Each structure stands twice: as C-alpha cells, then as structure tokens.
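Novice: Following is a predicted model, sequence given first.
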Amino acid sequence: MTSRGEWGQGWDAHGQRVANIKGQYVIQKTVTYLLSSPLHEDNRYFGSGKHGFWPRFEYAVVVGSLLARHGSGKLHISVSQIGGVAAGAFVARLWLPPS
C-alpha cells in the first residue's frame, strides 16, 4: 500500500504530505548547519565557471550535492550535508505511515 492510500485523499491528507516534506526539510537543514559549523564546511553553491551543458551538469550534481569547501578553500566530502539528509530521512520515520 502506498503512503497515498494510508494518508487518504483530500485536503487533510494533502496537508499531512506537505507537513511531512517541510518537517524533513527543517530537520535536514538544522542538522546540516549544526554539523557544518564545527567542521568548518561551507555548503553554499559556487558557480563552476565551466561552459557547456554536461560539464556544468556534472559540476552541479557532484560538487553541489556531495562536496563542501573548507577553510583552506579546498573541496572535501560534505559530512554535514550527507548527515543532514540522512537525519531528515531517518527522523521522518517517526511520523511516516508504516509502509
């Protein structure tokens, strides 16, 4: 059974889905911030300066989602970003339907 079936239909069910997404987002961003500060990770997006669709797409997907700049300016795996996404997904299981 899908979450749509478990949450039902109509405005109340739609509100539950919206609240679910917002809740996951707030948890994700809060954990990301709380981890990035002591780890000195800068998760902001910086333009690539590359030209062409595929080089820019690759930069956006890899650098924009997995890497963060540190105090030295070098790119490293973003522990805070990955931890925030994981925390949002796992904490949301507290209120998600069983399926």
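Specialist: That came through fine. Since we're looking at a predicted model, the values are computed, not measured.
Novice: Give me the contact list for stretch 36-49.
Specialist: Applying C-beta atoms under 8 Å, 6 or more residues apart in numbering, the contact partners of stretch 36-49 are 32, 35, 55-56, 59-60, 63-64, 68-71, 76, 78-81. Glycine gets a C-beta too; all of them are placed from N, C-alpha and C.
Novice: switch to 10 Å and redo it
Specialist: Outside of stretch 36-49, the residues within contact range by C-beta atoms under 10 Å, 6 or more residues apart in numbering are 29, 32-33, 35, 55-60, 63-65, 67-73, 75-81, 83-84.
Novice: the bottom helix or strand of this structure by mean pLDDT?
Specialist: Averaged element by element with mean pLDDT, DSSP states H and E, the chain has its least confident helix or strand at helix 3-7 (a mean of 62).
Novice: residue closest to the middle of this protein?
Specialist: When C-alpha atoms, centre = their mean is applied to the chain, the residue found nearest the centroid is residue 85 (4.4 Å).
Novice: which SSE is it in?
Specialist: In this structure, residue 85 sits in helix 79-92 according to DSSP states H and E.
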